[in-house]
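Colleague: here you go, sequence then predicted model.
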Amino acid sequence: MGRYILRRVLISIPILAIITILVFTLVEIAPGDMVSFFITDETEDYMTEEDLDALRERLGLNDPPPIRYFKWLVKILQGDFGYSYVESTPVRELLLMRMRNTLILMGAGLVIGIIVGIPLGIFTALRQYSFFDFFISGLSFIGLSMPAFISGIIAMYIFAVKLKWFPAGGMYTPATEKTIGDLLFHLFLPAFILAIMNMARNMRYTRFSMLEVLHQDYVITATAKGMKRWVVINRHALRNALIPVITIIGLSIPNLVVGAVFLETIFTWPGMGSLYYTAIVARDYPVIMGANLLIAIFVLTANLITDITYALADPRVRYE
């Protein structure tokens, strides 16, 4: 098992190197440069071309792109992500604070998608072609086809604006003590919306995988021997059925990141999504590059954890 984990970690290193190149290149080919942030209606009247060249020299923008990439990479390896032009604070502190809030939202959406989607998939598989199977499967198609930003706007209008069951945005109620209960109250609606597509996907794959396993010879043999139904399901069918579902859960992480970007903007959740949107509008390039890199590392780490979990569930993977 240790050799398998080491191999997966070593494979991730060149992938991470390619990610840093892509992050730098995407910002490099974007229109304008970091100096564009300092050119406003107030400053363009008295800033000369010489001033702009001096500012580019100070920021190191006159160096060739490969030199600037290696300088940026060295700083990143030292934990220096630069300073935000908008917030005037170290990017690292800003990203860590916002990433924590995003992980709360994404974690809640992931957990809801697992604890609701997988049991529903088992339930419908054991009742194939029943009313519940058709009804829940129909709802899952709706969940898979509705983007997070559409369902987020609809849910906010119904449950926050009209019914007033949940707050319309924010992470805590203003001018009140920050408590776990208040956090959960603000978290439930955006987390549930984020989990809808995840629930539907987990339900569909769990149902399909369970139906495939239930028709295997070893399950039929265990049933023919007189073993109790719940023992056959839990001990023989469920563990093997969950192996492909684990992969799907890992692959859903990027979708959760994208969904969180939209939902954080809609619900004014102070996470990576709202920070990323603000940085793009303001051309805050240090924040954009740091956020891109941090999100990519997070997705890469999630895939690594998925591979390890997959190997734990299926010993054949690590032995091969």
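Modeller: On my side now, so go ahead.
Colleague: packing partners of the strand or helix carrying residue 95?
Modeller: Here residue 95, judged by DSSP states H and E, is contained in helix 91-126. Applying 3 or more CB pairs under 8 Å, 6 or more residues apart in numbering; DSSP states H and E, we find helix 91-126 packed against helix 131-145, helix 180-214, helix 239-251, helix 253-266, helix 272-282, helix 285-313. Using the backbone N, CA and C atoms, a C-beta is placed for each residue, glycine as well.
Colleague: right, so of those helices, which gets closest to residue 95?
Modeller: Nearest to residue 95 among these is helix 285-313; the distance by CB to CB comes to 5.3 Å.
Colleague: for that closest one, buried residues please.
Modeller: Neighbour-count burial for helix 285-313, counted by 16 or more other CB atoms under 10 Å, picks out 285-296, 298-299, 302-304, 306-308, 310-311, 313.
Colleague: and stretch 225-239, by the same measure?
Modeller: 232-233, 236-238.
Colleague: I'd like these as TSV, with secondary structure and pLDDT appended.
Modeller: TSV is the format used below for these (DSSP: H, G, I helix; E, B strand; the rest coil; pLDDT from 0 to 100):
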residue	secondary structure	pLDDT
232	helix	76
233	helix	77
236	helix	70
237	helix	78
238	helix	77
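Colleague: ok, the residues you listed vs residue 258, which is closest?
Modeller: residue 238 (30.1 Å).
Colleague: coming back round to it: of all the helices and strands packed on helix 91-126, which lies closest to residue 170?
Modeller: That would be helix 180-214 among these, by CB to CB, at 5.8 Å.
Colleague: from the chain's centre, how far out does that closest one sit?
Modeller: 14 Å (CA atoms, centre = their mean, to the nearest Å).
Colleague: any idea of the angle that helix forms with helix 239-251?
Modeller: 130 degrees (axes from the mean of the first three to the mean of the last three CA atoms, to 10 degrees).
Colleague: show me what helix 180-214 is packed up against.
Modeller: Partner elements for helix 180-214 (3+ CB pairs under 8 Å, 6+ apart): helix 91-126, helix 131-145, helix 148-155, helix 239-251, helix 253-266.
Colleague: what residues of that helix count as buried?
Modeller: 182, 186-207, 209-211, 213-214.
Colleague: how is this protein carved up into domains?
Modeller: 2-77, 97-319 (automatic domain parsing).
Colleague: comparing these by mean pLDDT, which bottoms out?
Modeller: Of all the domains of the chain, the minimum mean pLDDT falls on domain 2-77 (a mean of 75).
Colleague: phi, psi for the closest residue to residue 189 other than its chain neighbours please.
Modeller: Excluding its sequence neighbours, the residue lying closest to residue 189 (CB to CB, 6 or more residues apart in numbering) is residue 166, at 4.3 Å. Per-residue torsions, residue 166: phi -130, psi 160 (degrees, to the nearest 10).
Colleague: who's in contact with residue 166?
Modeller: Applying CB atoms under 8 Å, 6 or more residues apart in numbering to residue 166 gives the contacts 159-160, 185-186, 188-189.
Colleague: residue 263 versus that one, what's the distance?
Modeller: Residue 166 sits at a distance of 13 Å from residue 263 (criterion: CB to CB, to the nearest Å).
Colleague: how about residue 281?
Modeller: For residue 281, the distance to residue 263 - CB to CB - is 18 Å.
Colleague: more neighbours: which of the two?
Modeller: residue 263 (29 against 9; other CB atoms under 10 Å).
Colleague: is that one in contact with residue 105, as I believe?
Modeller: Yes. In this structure, residue 263 is within contact of residue 105 by CB atoms under 8 Å, at 7.2 Å.
Colleague: re earlier: dump the helices and strands packed on helix 180-214 to JSON lines, plus distance to residue 64.
Modeller: JSON lines is the format used below for these (distance: least, CB to CB, whole Å):
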{"stretch": "helix 91-126", "distance to residue 64": "24"}
{"stretch": "helix 131-145", "distance to residue 64": "47"}
{"stretch": "helix 148-155", "distance to residue 64": "40"}
{"stretch": "helix 239-251", "distance to residue 64": "38"}
{"stretch": "helix 253-266", "distance to residue 64": "32"}
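Colleague: not counting sequence-adjacent ones, nearest residue to the residue nearest the centre of the chain?
Modeller: Compute the mean C-alpha point of the chain, and by CA atoms, centre = their mean the closest residue is residue 257, 2.6 Å away. Spatially, and ignoring its direct neighbours in sequence, residue 257 is nearest to residue 295 (5.9 Å; CB to CB, 6+ apart).
Colleague: OK, contacts around the nearest residue to residue 153 once chain neighbours are set aside?
Modeller: Nearest residue to residue 153, sequence neighbours excluded (CB to CB, 6+ apart): residue 266, at 6.4 Å. Residue 266 makes contact with 149, 152-153, 156, 169, 190 under the criterion CB under 8 Å, 6+ apart.
Colleague: now do residue 266 against residue 100, distance only.
Modeller: 20 Å.
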